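Asks: this one's structure only:
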Ligand code: IPM
Ligand code: MG
């Protein structure tokens, strides 16, 4: 089959890691008889440099007309890169928010899994790491504080900033349904994370989640306060299967979850909407400090490409092959610098991409 992939290399290490993911897709294509056609799209700092805005309407249109979008990372260094002298709505990250909203990608899936080979890189106590964990964070992506009304003004001589956290029941219902559907394919356990002891939006969140739960009688559901969840993630991560939460909580908890996998360079993500079109990107950022040095870990991006095969193209067998190749690479002791430990073989970003391709 033929698939059109809009590719957004972006900033920092984005172009390096995206090249490796494309290499992996092409290897899959050769082996399983598919063709991936890539259209390059500018977003983030590189788009600001070329067009003065982080995402042009044409770029968004190209993404809309594709079968899936593969993204590296966007952004630079505040205080260093001139992009951050621009107003917030013209900075690199605004491009990311605009494409999520523009494509209607309300569901962000971030799987966090501890490979047994990377146990020594896990910063948790040995007995906790030994128990392992395998969870997926289902983060709402187009609502809440990220998209609520905001302003900064002077009120009675005092500088005042306002952000708004708003959710309606439809926004909550559709992400909850996604989480329960995913739970049905996993261990049938949803933990819905909120701050219902303080926030109205969280109280509505938990009400709607319990209504949705009625349609999934096989799934057990539990509510957890976000502060407790932050603690439980480092105390007993094995208890989590599907973590369902709103945009801002999901942003924070997914960084925490990625850290306990050993390296933020391992965490993939898929952003999905109502249809098949999805955006696939590593959960980490553009890492400008190591950009252009061929030492970034491309695994999160490669695993994101595997999610693309699974969720946008329904190519489960092919996705399995990529995930198995990544596992094999780790078993074979091949490591980029972020996950390197004694006695293992250190490779570059391209070296890691090649090693994965060889094992597909
Ligand atoms: C993420 C990132 C983004 C977010 C930033 C870059 C806007 O942290 O994808 O988790 O907060 O969603
Ligand atoms: Mg984040």
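Replies: Structure's in. What do you need? Note that this is a predicted model, so its numbers are computed, not measured. Numbering: from 1, shown residues only. Ligands and ions are numbered 1, 2, ... in the order given.

Asks: For the residue in the stretch 101-250 of the chain that ligand 1 sits nearest to, which residues are in contact?
Replies: Closest contact between the stretch 101-250 of the chain and ligand 1, by Cβ to the nearest ligand atom, is at residue 146 (6.9 Å). For the C-beta atoms, the positions are set from N, CA and C on the backbone; glycine is no exception. Counting by Cβ atoms under 8 Å, 6 or more residues apart in numbering, residue 146 makes contact with 97, 247, 248.

Asks: PyMOL command to pick out the buried ones of these?
Replies: Buried residues among these (16 or more other Cβ atoms under 10 Å), as a PyMOL selection:
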select buried, resi 97+247+248
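
Asks: Next, format the contacts of residue 146 as JSON lines and append secondary structure and distance to residue 115.
Replies: Shown next, in JSON lines, are these (DSSP: H, G, I helix; E, B strand; the rest coil; distance: Cβ to Cβ, whole Å):
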{"residue": "97", "secondary structure": "helix", "distance to residue 115": "31"}
{"residue": "247", "secondary structure": "helix", "distance to residue 115": "28"}
{"residue": "248", "secondary structure": "helix", "distance to residue 115": "28"}
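
Asks: Which positions in the protein make contact with ligand 1?
Replies: Contact residues (Cβ under 6 Å from any ligand atom) of the chain with ligand 1: 75, 93, 96, 251.

Asks: that older thread, take the contacts of residue 146 and lay them out in CSV including distance to residue 346.
Replies: Listed next are the contacts of residue 146 as CSV, based on distance: Cβ to Cβ, whole Å:
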residue, distance to residue 346
97, 36
247, 37
248, 37
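
Asks: nearest to residue 19, of the contacts of residue 146?
Replies: Relative to residue 19, the closest of those is residue 97; by Cβ to Cβ it sits at 25.2 Å.

Asks: which residue sits closest to the closest one in space, ignoring its chain neighbours?
Replies: Closest residue in space to residue 97, ignoring its immediate chain neighbours: residue 146 at 6.3 Å, by Cβ to Cβ, 6 or more residues apart in numbering.

Asks: quick one, strands of the chain?
Replies: In the chain, the segments counted as strands under DSSP state E are 2-10, 35-40, 68-73, 107-113, 134-140, 150-155, 158-163, 189-194, 220-225, 242-245, 270-272, 278-280, 334-335, 345-346.

Asks: what's the average pLDDT for the last one?
Replies: In this model, strand 345-346 has an average pLDDT of 98.

Asks: Pull up the pairing partners for it, direction included.
Replies: Note on strand 345-346: by DSSP bridges, its sheet partners are strand 334-335 (parallel).

Asks: And the longest one, by the same measure?
Replies: The strands that strand 2-10 pairs with in its sheet are strand 35-40 (parallel), strand 68-73 (parallel) (by DSSP bridges).

Asks: Would you mind pulling the contact partners of that strand?
Replies: Contacts for strand 2-10 (Cβ under 8 Å, 6+ apart): 14-15, 18-19, 22, 25, 34-46, 62-63, 65-74, 92, 99, 286, 308, 312-313.

Asks: all helices for the stretch 101-250 of the chain, in order.
Replies: For the stretch 101-250 of the chain, the helices defined by DSSP state H, counting those that start in this stretch cover 126-131, 169-184, 200-213, 226-235, 247-260.

Asks: in the fourth one, what counts as buried?
Replies: Using 16+ other Cβ under 10 Å as the burial criterion, the residues of helix 226-235 that qualify are 226, 229, 230, 232, 233.

Asks: Give the other helices and strands that that helix contacts.
Replies: strand 189-194, strand 242-245, helix 247-260 (3 or more Cβ pairs under 8 Å, 6 or more residues apart in numbering; DSSP states H and E).

Asks: Against residue 57, how distant is the residue nearest to residue 100 when sequence neighbours are not counted?
Replies: Spatially, and ignoring its direct neighbours in sequence, residue 100 is nearest to residue 141 (5.4 Å; Cβ to Cβ, 6+ apart). Taking Cβ to Cβ, to the nearest Å as the measure, residue 141 falls 21 Å from residue 57.

Asks: higher neighbour count, the two?
Replies: Between residue 141 and residue 57, residue 141 has the larger neighbour count (other Cβ atoms under 10 Å), namely 27 against 10.

Asks: Any idea how many residues pack against whatever residue of the stretch 1-150 of the chain ends up closest to ligand 1?
Replies: Relative to ligand 1, the nearest point of the stretch 1-150 of the chain is residue 93 (4.1 Å; Cβ to the nearest ligand atom). Look at residue 93: counted by other Cβ under 10 Å, it has 19 neighbours.

Asks: So for the residue nearest to it when sequence neighbours are not counted, what pLDDT did the model give?
Replies: Of all residues not flanking residue 93 in the chain, residue 75 sits nearest, at 5.7 Å (Cβ to Cβ, 6+ apart). At residue 75, the pLDDT value in this model is 97.
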